[in-house]
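>>> predicted model and sequence follow; I will ask about them next.
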There are 2 protein chains.
Amino acid sequence: MRTRPLKVALLGCGVVGSEVARIMTTHADDLAARIGAPIELAGVAVRRPDKVREGIPRELITTDATALVKRGDIDVVVEVIGGIEPARSLITTAFEHGASVVSANKALLAQDGTDLHAAAEANNKDLYYEAAVAGAIPLIRPLRESLAGDKVNRVLGIVNGTTNFILDKMDSTGAGYQEALDEATALGYAEADPTADVEGFDAAAKAAILAGIAFHTRVRLDDVYREGMTEVTAADFASAKEMGCTIKLLAICERAEDGQSVTARVHPAMIPLTHPLASVRGAYNAVFVESDASGQLMFYGPGAGGSPTASAVLGDLVAVCRNRLSGTTGPGESAYAALPVSGMGDVVTRYHISLDVADKPGVLAQVATVFAEHGVSIDTVRQQGKDGEASLVVVTHRASDAALGGTVEALRKLDTVRGVASIMRVEGE
Amino acid sequence: MRTRPLKVALLGCGVVGSEVARIMTTHADDLAARIGAPIELAGVAVRRPDKVREGIPRELITTDATALVKRGDIDVVVEVIGGIEPARSLITTAFEHGASVVSANKALLAQDGTDLHAAAEANNKDLYYEAAVAGAIPLIRPLRESLAGDKVNRVLGIVNGTTNFILDKMDSTGAGYQEALDEATALGYAEADPTADVEGFDAAAKAAILAGIAFHTRVRLDDVYREGMTEVTAADFASAKEMGCTIKLLAICERAEDGQSVTARVHPAMIPLTHPLASVRGAYNAVFVESDASGQLMFYGPGAGGSPTASAVLGDLVAVCRNRLSGTTGPGESAYAALPVSGMGDVVTRYHISLDVADKPGVLAQVATVFAEHGVSIDTVRQQGKDGEASLVVVTHRASDAALGGTVEALRKLDTVRGVASIMRVEGE
């Protein structure tokens, strides 16, 4: 084994960073054996230098992250600051000054992954980011390496633990959204401002990254259709139960049936209770992958948290260090397929639509006509009437989002339709 | 991209081999883009050269596998023959003549993995075998690379599809073992001679491979305790249901609580219905991994079949070809931890024991005394009596297998114990 250590610079020392530093110290011998050389924490860039950080020697702490990545003797920079800047500049500077990079930064990777990959490649360095998607769950490596000989057609995942906790709570207790959110906040599963989670921004960033890797195609964050889960109601869960379904916030990356384009989207959807994703509880994440040869695979585990994320970072760190020792780099961005990314209108799926209608003869015929005129085929209809008011629950066969949108617009114009109570996509069948 | 193709020799052209050849042809462009060079099927060694093999040019077929691996211009040998010989000699010869190897051969890897890894390393070549465990499920790469910075404490898996199909059938229909086996055979899930599956030999080979990788320790096939599932009865499933459990044939690799030794075993066990492994249906496989930092991960997918296994082989083939192009090799055997492998007596778990006893006063006191004398603490006891006969169901707290064995031996000697109807371990709690 080489005795001269590889030098690691840590950018950020919050929940994840401090755990990375801790494991680097406590598991030093194991890591050295697995890498083939010891690794040494060479510097830690933080915002608050005065905070006591157990186990990290005072002299390693700096507030000058730029100087740290410019030192020239750093082998690997571990970026766990998050956000776009200064993370982006620091990573680019690190490549230019000879370091490879391990990052857990989903927002940055989703927005600027292509540029960062290009910078890594230009400097013949590695950029690894297993921790950016679904925490500790090995997902990027399996997609990019294990399935490298296969053709992935769909990635369907629960990639946000906060929203899964809330939806699971609503499902199991009958609570409303606000009540479940309050509990998630009290337990530390939701942040004080939960927007990034509940509006699907976090999941959309992960969907962009996953779609890019799965389809060997650049998928920008703007390409991802995004719909949050703040409007899911207890009534929606009741409807889902009647269908033998539950509701999950899903990130869905799909290859079109003709194979010539891809889509990526995040929205709440009904999935059958028999689907493996339906039983993913609490803040856990799981990603279901369908491919030509493998069939259906699922990867399940904790999607967030300091330790799990640190485990993913360390796995990457070992790989990058090994590459460095053998003078090579791992797989870079693979975007050779360059498939067009279609918008939401082209997505084909099934829909569950609840309508409030007048309780009089002929309403069903009117409604059915509207669906037919828009080419949306109805699978089942259920009518419930009471005191002149009635509800109509329609479940469609597969139809494009554009066709469904046109249908709903036309339905709203019918005198007999008082309102569209909910529209929910049905996935995973 | 390099235009000179990498040459691949295929040893075996059965269900898996023919699928590997097919994907190499139909996905040639994708594979070339992912590798950075085209790959070419340079030869296919088979036993029956006269069989028509669609899509494989006649001139590539040979019955002389040894000559094929000795050619000297082969970059990668894909071994999908199975069994110990001639596979072992062919792989060793391949390394000596300049080729890296991708294998799907669990029996060989479990028995001779250390020697084969040594041969690969001596010749500076790769030995990859993702397909040897759990078919298409990416498992070896995640364990050996993604979790390289973590400490794995337990691997708990359903790694044999045939037995899972049989047990699932028994669970869902109340069928007995033979009836469920007959159905599995009729549907092609079980072979004419199902011994390797139902007696746990296949799962034991996988357990040896998984334990070795998870604990960075050599685990030989002989180190794996093995108990088949042919004696699981409908009554056992009824008992499991009363416990809120089902029964699975599990491969369990564990680090002892003091971290100083490891064990590997295969046997039927009760697991709670709430455990993610409990809902693994039919012939699917799933492996649950517990580690220090990641917590609980699960990997799920088809555990066998031509296409899924071929997908795993192709993923390895892409990695090995990429390594070859960059003049490096991937991680070899990692056995630096060299932990002692303990026998079954040291395994600590819980037990569900059904006793046929005389229905008279004092029996429970006698039985409880025997448990206490052997240091096995009782969690719950349930008595059911009828016509002078009674049954006693004891569920223990955690105890060593040795202590439990001693307890059962002593119980058998009691006059009031007519027989030990069943002993089943309880896992996954």
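Received the coordinates, thanks. Residues are numbered from 1 along each chain as shown, chains lettered A, B, ... in the order given.
>>> which regions of the stretch 251-400 of chain A sit below the pLDDT cut-off?
Filtered on pLDDT under 70, the stretch 251-400 of chain A yields no residues whatsoever.
>>> residues in the stretch 101-250 of chain A within reach of chain B, list them.
A:130, A:136-138, A:141-142, A:145-151, A:216 (Cβ under 8 Å from any Cβ of the partner chain). For the C-beta atoms, the positions are set from N, CA and C on the backbone; glycine is no exception.
>>> farthest pair in those residues?
Farthest pair in those (Cβ to Cβ) is A:136 and A:151. Separation: 26.8 Å.
>>> more crowded one of those two?
A count of neighbours by other Cβ atoms under 10 Å in any protein chain shown puts residue A:136 above the other of residue A:136 and residue A:151, at 32 against 20.
>>> assign the more buried one to helix, strand or coil.
What DSSP: H, G, I helix; E, B strand; the rest coil gives for residue A:136 is coil.
>>> sorry, back to before: of the residues of the stretch 101-250 of chain A next to chain B, which is the nearest to residue A:230?
For these, the residue nearest residue A:230 by Cβ to Cβ is residue A:137; the value is 25.7 Å.
>>> among the residues of the stretch 101-250 of chain A next to chain B, who's most crowded?
Neighbour max across these (other Cβ under 10 Å) = residue A:136, 32 neighbours.
>>> any chance of a markdown table for the residues of the stretch 101-250 of chain A next to chain B, columns secondary structure and pLDDT?
A markdown table is the format used below for these (DSSP: H, G, I helix; E, B strand; the rest coil; pLDDT from 0 to 100):
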| residue | secondary structure | pLDDT |
| --- | --- | --- |
| A:130 | helix | 94 |
| A:136 | coil | 84 |
| A:137 | coil | 92 |
| A:138 | coil | 92 |
| A:141 | helix | 90 |
| A:142 | helix | 91 |
| A:145 | helix | 88 |
| A:146 | helix | 89 |
| A:147 | coil | 89 |
| A:148 | coil | 87 |
| A:149 | coil | 89 |
| A:150 | coil | 91 |
| A:151 | coil | 94 |
| A:216 | coil | 94 |
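>>> out of these, who's nearest residue B:329?
residue A:145 (14.7 Å).
>>> roughly how far apart are the closest one and residue B:210?
19 Å (Cβ to Cβ, to the nearest Å).
>>> residue A:291 now?
23 Å.
>>> more neighbours, the two?
Shown here are residue A:291 and residue B:210; by other Cβ under 10 Å, residue B:210 has more neighbours (29 against 24).
>>> check which helix or strand covers the more buried one.
Using DSSP states H and E, residue B:210 maps to helix B:201-215.
>>> helices or strands up against that helix?
helix B:106-122, strand B:152-158, helix B:195-198, strand B:225-226, strand B:245-255, strand B:262-272 (3 or more Cβ pairs under 8 Å, 6 or more residues apart in numbering or on different chains; DSSP states H and E).
>>> for the stretch 101-250 of chain A, give the residue positioned nearest to chain B.
residue A:149 (2.2 Å; Cβ to the nearest Cβ).
>>> run a quick neighbour tally on the closest residue to that residue other than its chain neighbours.
Nearest non-adjacent residue to residue A:149, counting by Cβ to Cβ, 6 or more residues apart in numbering or on different chains: residue B:314, 2.2 Å away. For residue B:314, the neighbour count with other Cβ under 10 Å is 30.
>>> what strand or helix carries residue B:314?
helix B:306-325.
>>> now the very next helix or strand once past that helix: buried residues?
Next in sequence after helix B:306-325, counting helices and strands by DSSP H and E, comes strand B:348-358. Across strand B:348-358, burial judged by 16 or more other Cβ atoms under 10 Å in any protein chain shown covers B:349, B:350, B:351, B:352, B:353, B:354, B:355, B:357, B:358.
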